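**Student:** Just the structure for this:
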Amino acid sequence: MRFRRQLSLGLLFVLALPAVPATVMAQAARSTEQAKAAARALADKGWEFFNAGRYEEALAAFRDAEAQVHAPPFLVFAARSCERLGRLIEARSLYERVIDEPLAASAPQAFQQAQADARAGLAALAPRIPTLEIAVTGAAPGAVELTLDRERVVQTTPLERDPGEHTVVATVRGQTPVTKTIRVSEGERARVTLDLTPAPAAAAVTTPPSARATRSAENDVKMAALIGGGVAAGAGTLAGVVFTLVANGKASDARQQWSAVGAPDGRADECTNSAGGHQTQQCSKLSALVDDKYLFSNLALWSFIGAGASALGTLGYYWRATAPSEPEKQMHVFPLVIPGGGGLVAGGVF
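**Tutor:** Coordinates of the predicted model:
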């Protein structure tokens, strides 16, 4: 096989160091016999891995062989391993490294063949490398920061990337970053567009209170009204009782005073003042007692009236508040199909 033949020629050249000009193999001339043996063993191992489809291990083996003793064939084999792994950008870099190395006219045939293979590999690889063009709308290009796979990029020409999945992030100060993920295949010329147009400001929305909160507020109002009405009725009743007791006490005192001055019961205006100063004082006292009796009697009456009005008002409010609400008027119409005919059926609350 050609691949195997190139590998063998390269190794033979490395091991046949005395026959090679010093200017071509300066690094190999400085290598020890132990380094040459290690490079040969690593290259053989890399070849085995490559044939077994274990390209990651093959790539590591060829790189280690190159680190021991420099030989262009090792880099060509490493580039081909990268191709199999889908790492086309890295493969291109290895091919270019082989091509750019100056070789003397007396360089071994294996080295010259490695350069020729690198040129052919690079030419075949170029159209396989996919490109990704990034477009941004809704923002000035200078105000946008772009990253591709966490690497800062500039929005200019299409960018070369390995086949696979890639993530683009566009950031504008003061806005939420816009992220897009795209998968590209070998040879694909992909384009991704990120829209950075600011979202319109959301209108303020007034959320109506929930039915539960409304019922809770209504219950609080009802309770406050019941408590207030009960307190007013109780206070009015208590005041009426107190005023009644005071009025009764004044009435009792007035009757005793009537007896003392000899006035007819209940006729303080007929009390005579002709008996002298003492009689005049007794008549004035009787008149004051009678006036106080009427005053406190009237206060007791209006207290009871107020208490009754508060009680009736509270009961009326409670009855009105707890009465079931009138059902909403609505009508439903249903089709009716029966053997030999049909029609419509209307129902609901009217």
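**Student:** which residues of the stretch 151-300 of the chain score low on pLDDT?
**Tutor:** Counting by pLDDT under 70, the stretch 151-300 of the chain shows low-confidence ranges at 156, 201-215, 217-218, 222, 257-258, 261-279, 286.
**Student:** Can you show me the strands along it?
**Tutor:** If you assign secondary structure with DSSP state E, counting those that start in this stretch, the strands in the stretch 151-300 of the chain sit at 151-153, 159-160, 164-171, 178-184, 189-195.
**Student:** what's near enough to touch residue 240?
**Tutor:** Contact analysis of residue 240 by Cβ atoms under 8 Å, 6 or more residues apart in numbering lists 300, 301, 303, 304, 307. All C-beta atoms are positioned from the backbone trio N, CA, C, and that covers glycine.
**Student:** Format those as TSV; extra columns: neighbour count.
**Tutor:** Converted to TSV, the contacts of residue 240 look like this (neighbours: other Cβ atoms under 10 Å):
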residue	neighbour count
300	20
301	14
303	20
304	17
307	20
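**Student:** Same list (those residues) but as a markdown table, adding secondary structure and distance to residue 116.
**Tutor:** As requested, the contacts of residue 240 are arranged in a markdown table below (DSSP: H, G, I helix; E, B strand; the rest coil; distance: Cβ to Cβ, whole Å):
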| residue | secondary structure | distance to residue 116 |
| --- | --- | --- |
| 300 | helix | 129 |
| 301 | helix | 129 |
| 303 | helix | 123 |
| 304 | helix | 125 |
| 307 | helix | 119 |
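**Student:** from those, which is closest to residue 320?
**Tutor:** residue 307 (20.6 Å; Cβ to Cβ).
**Student:** Next up, the contacts around residue 72.
**Tutor:** Contacts of residue 72 by Cβ under 8 Å, 6+ apart are 10, 98, 101, 110, 111, 114, 115, 118.
**Student:** sorry, back to before: out of the strands of the stretch 151-300 of the chain, which is closest to residue 127?
**Tutor:** For residue 127, the closest of the strands of the stretch 151-300 of the chain is strand 189-195, at 10.4 Å, according to Cβ to Cβ.
**Student:** in the closest one, what counts as buried?
**Tutor:** 190, 192, 194 (16 or more other Cβ atoms under 10 Å).
**Student:** Pull up the pairing partners for that strand, direction included.
**Tutor:** Paired strands of strand 189-195, with direction, are strand 131-137 (parallel) (DSSP bridges).
**Student:** What mean pLDDT does the partner strand get?
**Tutor:** Average pLDDT, strand 131-137: 88.
**Student:** which one of the strands of the stretch 151-300 of the chain lies closest to residue 139?
**Tutor:** Here strand 164-171 is closest among those (Cβ to Cβ), at 7.9 Å.
**Student:** which residues sit against the closest one?
**Tutor:** By Cβ under 8 Å, 6+ apart, the surrounding residues in contact with strand 164-171 are 86, 132, 134, 136, 139, 144-150, 177-184, 192, 194, 196.
**Student:** which among those end up buried?
**Tutor:** 132, 134, 136, 139, 144, 146, 148, 178, 182, 184, 192, 194, 196.
**Student:** Return the residues in contact with the third one.
**Tutor:** It refers to residue 136. 144, 146, 155, 170, 193, 194, 196.
**Student:** what about the closest residue to residue 251 other than its chain neighbours, neighbour count?
**Tutor:** Nearest residue to residue 251, sequence neighbours excluded (Cβ to Cβ, 6 or more residues apart in numbering): residue 293, at 4.6 Å. Using other Cβ atoms under 10 Å, the number of residues around residue 293 comes to 20.
**Student:** Settle this for me: residue 293 is touching residue 254, isn't it.
**Tutor:** Yes: using Cβ atoms under 8 Å, residue 293 is in contact with residue 254, at 5.8 Å.
**Student:** What are the phi and psi values at the residue positioned nearest the centre of the chain?
**Tutor:** Centroid-nearest residue in the chain, with Cα atoms, centre = their mean: residue 176, separated by 12.6 Å. Main-chain torsions, residue 176, degrees, to the nearest 10: phi -70, psi 130.
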